[in-house]
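> got a predicted model here, sequence first, then my questions.
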Amino acid sequence: MKKSDIWCLTSSSLLGIAALINPAHGQTTSPEKSEESQRIEDIVVTAERRVSSVQTTPIAINAVTGDSLQSQQVSNIESLTARLPNISFSRNGGDARVFIRGIGVDAIAPGSDPRVAIYTDGAYNARVQAAMGSFFDVERVEVLSGPQGTLYGRNATAGAVNIISRDPGDEVNGYGRLTVGNYATVRTEGAIGAPLSDTVGVRLAFQTSDRSGFGKNIVTGGDVDDERTRALRGKLKYDDGALKITLQGDYFLEDDHSAGFRYLRQPPGQQLYAVRVLGASVPGPRDFAGPGPKMRVEAYGGTGTLEYDLGDLTLTSITAFKHLDSHSYSSPDGSTLSAKLQPADFVEDSDSYTQEVRLGGKLGILDMVVGAYYFHEKNFAGIRGGNNLLYFTENAPGGPIDFLTEGAVFRGTQTTDAYALFTQNTINVTDKFGIDIGARYSYEKRRATTINRFNLATPYVRYPLFPSDPTDVSFTGTDSWSSFDPKVGIHFQASKDLFLYASYSTGFKSGGFNVAFLQPPYDPEDIKDFEAGIKADLFDRRLRLNMAAFYYKYSNLQVNLVGGPLGNQLITDNAARAKLYGFELNAIARPVDDLQINFDAAYLHSEYQDYTTADFTGLYVGVPLPNGTLPNPDGTYNLAGNPLTYAPEWRIHGALAYTFHSGALDVTPRVDATYTSRVEHSVLQLPFSSQSGYTLLDLFVDFELPDQGLSASLFMKNATKKLYTVSSTVGSNYFGFPIVGQFGAPRTFGISISKKF
């Protein structure tokens, strides 16, 4: 049986179960309209490793329920971050990247570590791509801003994202959901949970997504930016009151043409060599030419969680394994001669193991968490970029030589062992006033072997087997780093509906090796965070105002560049110092029954304070940069004052919804808009490698029969058809410095129909 047949059978079976389930389980009693139902709901989270309300948790946190995710057509991290302040998502090649308050990973090469830790049911995802298939059958998503090392495993300098899936439940329950739309979109999703006995429950959930391309390959006629993903999750839970054991497995497969570096534009005064030499053509913005793009990601893993009730304390153990196999293929050249000029393979293969043990609970006036953490990963990453001797021999006697060769090959294996001890404690001085004290000790050791070659004698082979070659040049190294990171804070419940907090914390991201370049290990980076916030529910919970202000001092910021002696190597550099500061406002209002207004605003100022680097692009050697920065006598540039990449100054989001009641039917039209100011994609602040300010508009009309558990939603996203880039970088000088990257999604529309039982 084919994989596609298996997925169709799984989807059909679960949806069939949903339709045929006992009617007693298929009905949901509609709550009486009351003052309580019109108040703003209180979301319970476990962000601090204990159950608490968002409104009494002394950190900047955004929590979104699974029902809200479904109603907003959120099926991945990208669509989630579009609606949260100071949080953004981008893709570059085959990599997924999350930024919180302007801090994330802007790496181009595979194998780079994230600064935002993404957890799925308590298990850390070493590779962000491995978490892309987690957004289905979700109980809630928690997004924490700022360093979180006193509570979370590793690489949480910018923050953490917790994805919590639904448990089996105490009775038979589940849902089925079908979405159809333009670009031949068909997405199915469903789950069923049930108790097998008084102590054992099971849940099975799935998601499939198929969509034709936003563009076409003008050479092959194939799709570009299409989507084909499959995801499956199974959960088995034992709970006898004192002991809870949860076993979970998940699988995700993406096999489509959605990745690769897309040709965007040329810098002023530059022209693609393919166009200049042979008169090749370049397709429109959504189209492609040459080989690819092609993307295949396979991720799977298992998690075992044990919780043992010791009375006032709970002992928790989380053991997890994660595997990722990612391969993307395309040509950044983008021209109709790309098949001869520059095919490129990006490969990543990661196996990681994590073990966390913690003890937490309440001892008198002390709420405490203390734990230990271990992480091991073996990660292979490689890049193969084919080259044509045409560029080097275009003036050869008898005319250009047309012969495709292997060209540049970068690959390496990095093994990481990380250990940590952490604790976070709240001293409840009074019922209203508390002191928060935490600390983390981290130790990381890395071993890496990196291999480079530039081979103009071997023909290019389509699949990246990475065989050894006599021209290989290798580098092998071992290094280790350690850090002690404290946290101290205070919080005060000024009144029943007013909560205030302030804190100071530090974060650590270890150094490492760049598998795409033969260079010594880069240094670890550190961040100091000063933060204060207010959380208020006003007018009998008809208005909620949550505000936070922060100031970051950043040292040894790891920056990823394209350059080197060959002009196409991927380098990791350390910027000496940077600072960021800003504020966030989240407001929810229900001034009258059935009307809800959401408003989010985030201001961010970011700048390098001490960073000197060469013009790694090769475009401005010895001359002023476009922003007027003059070169130093040695040809380098002082970038002090330049903003950080992917750190927009403003993000403003607003939403308006009103529910009309007509008998048993509720109808809710909604409008949702997000403004993002200019986003710099280059540390050199190059105007042709940035995205100017833009607004995205989404429209919805929801229909619900609460007593029947039925709902439907008409949606139109990016209603104004805005063309915008989510990432870009200056490509190799071999091909005329093409600006390559990714566009955001065009206008999409459709309908979703859901049935709960």
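Perfect, I can see it now.

> quick check: which ranges of the stretch 651-757 of the chain have low pLDDT?
In the predicted model, the stretch 651-757 of the chain carries pLDDT under 70 at residues 733-735.

> measure residue 637 to residue 189 for me?
Taking Cβ to Cβ, to the nearest Å as the measure, residue 637 falls 49 Å from residue 189. Backbone N, C-alpha and C define where each C-beta goes, glycine included.

> these two: who's more crowded?
residue 189 (25 against 20; other Cβ atoms under 10 Å).

> pLDDT score for that one?
Note on residue 189: pLDDT of 95.

> surely it forms part of a strand?
Yes - residue state for residue 189 (DSSP: H, G, I helix; E, B strand; the rest coil) corresponds to a strand.

> who's in contact with it?
75, 136, 137, 175, 176, 177, 179, 205, 206, 207, 208 (Cβ atoms under 8 Å, 6 or more residues apart in numbering).

> among these, which are located in strands?
Taking DSSP state E as the definition of strands, the contacts of residue 189 contribute 175, 176, 177, 179, 205, 206, 207, 208.

> give me the contact list for the helix or strand residue 160 falls within.
For residue 160, the host element (DSSP states H and E) is strand 159-165. With Cβ under 8 Å, 6+ apart as the test, strand 159-165 has contacts from 46-47, 77, 98, 100-101, 103, 116-121, 131, 134-135, 137-148, 152, 205, 233, 235, 248.

> also stretch 227-239?
The contact list for stretch 227-239, computed with Cβ under 8 Å, 6+ apart, reads 3, 7, 10, 132-134, 136-137, 165, 167-168, 199-211, 244-256, 258.

> so which of the residues you listed belong to strands?
Counting by DSSP E, the part of those found in strands is 165, 200-211, 244-256.

> now, of the contacts of strand 159-165, which are buried?
47, 77, 98, 100-101, 103, 116-121, 131, 134-135, 137-138, 140-148, 152, 205, 233, 235, 248 (16 or more other Cβ atoms under 10 Å).

> among the residues you listed, name the ones in strands.
Applying DSSP E to the buried ones among the contacts of strand 159-165, the entries found in strands are 98, 100, 116-120, 138, 140-145, 205, 233, 235, 248.

> all helices of the protein, in order?
3-20, 23-26, 35-38, 66-71, 77-81, 273-278, 338-341 (DSSP state H).

> where among those is average confidence lowest?
Note on the helices of the chain: lowest mean pLDDT is at helix 23-26, with a mean of 36.

> contacting residues around residue 697?
Per Cβ under 8 Å, 6+ apart, neighbours of residue 697: 671, 672, 673, 718, 719, 720.

> no no, residue 482
441, 442, 443, 444.

> quick one: buried residues of the longest strand along the chain?
Counting by DSSP E, the longest strand found in the chain is strand 433-459. By 16+ other Cβ under 10 Å, the buried positions in strand 433-459 come out as 434, 436-442, 444, 446-448, 450-455.

> so the residue nearest to residue 625 when sequence neighbours are not counted versus residue 605, what's the distance?
Distances taken as Cβ to Cβ, 6 or more residues apart in numbering place residue 684 nearest to residue 625, at 5.7 Å, with adjacent residues excluded. Counting by Cβ to Cβ, the separation of residue 684 from residue 605 is 19 Å.

> which of these two has more neighbours?
residue 684 (23 against 14).

> now that one: how far from residue 631?
Counting by Cβ to Cβ, the gap from residue 684 to residue 631 is 12 Å.

> what residues sit buried inside stretch 308-318?
Those would be 314, 316, 318, for stretch 308-318 by 16+ other Cβ under 10 Å.

> stretch 615-632 - what's its average pLDDT?
86.

> ok, stretch 355-373 next?
pLDDT averaged over stretch 355-373 gives 94.

> now do stretch 49-61
85.

> who touches that stretch?
For stretch 49-61, contacts defined as Cβ under 8 Å, 6+ apart pick out 42-48, 63, 142-146, 151, 358, 360, 367, 369, 424, 434, 436, 489, 491, 493, 499, 501, 503, 531, 533, 535, 537, 544, 546, 548, 550, 584.

> in the stretch 601-750 of the chain, which spans are strands?
Counting by DSSP state E, counting those that start in this stretch, the stretch 601-750 of the chain has these strands, from start to end: 612-613, 637-638, 650-658, 660-662, 665-676, 679-680, 690-691, 694-705, 710-717, 725-730, 739-743, 748-756.

> ok, which of those strands comes nearest residue 330?
Nearest to residue 330 among those is strand 739-743 (9.1 Å), distances taken as Cβ to Cβ.

> just the terminal-to-terminal distance for stretch 464-475.
20 Å (Cα to Cα, to the nearest Å).

> what's around the residue nearest to residue 249 when sequence neighbours are not counted, how many residues?
Ranked by Cβ to Cβ, 6+ apart and with sequence neighbours excluded, the top spatial neighbour of residue 249 is residue 302, at 4.7 Å. Per other Cβ under 10 Å, the neighbour tally for residue 302 reads 15.

> I figured residue 302 hits residue 320, correct?
Yes - the pair residue 302 / residue 320 is scored as a contact, 6.9 Å apart, by Cβ atoms under 8 Å.

> then stretch 190-204 to CSV, C-alphas only?
Output of stretch 190-204 as CSV, limited to C-alpha atoms (Å, rounded to 0.1, in the frame of the first residue of the first chain):
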residue,chain,number,x,y,z
GLY,A,190,-8.9,15.2,13.4
ALA,A,191,-8.5,13.5,16.6
ILE,A,192,-10.2,10.9,18.9
GLY,A,193,-9.5,10.4,22.6
ALA,A,194,-11.0,7.8,24.9
PRO,A,195,-10.5,6.1,28.2
LEU,A,196,-9.5,2.5,28.0
SER,A,197,-10.0,2.0,31.8
ASP,A,198,-10.3,4.1,34.9
THR,A,199,-6.5,4.7,34.8
VAL,A,200,-5.5,4.5,31.1
GLY,A,201,-6.5,6.7,28.2
VAL,A,202,-5.4,7.0,24.5
ARG,A,203,-5.5,9.7,21.8
LEU,A,204,-4.7,9.6,18.1
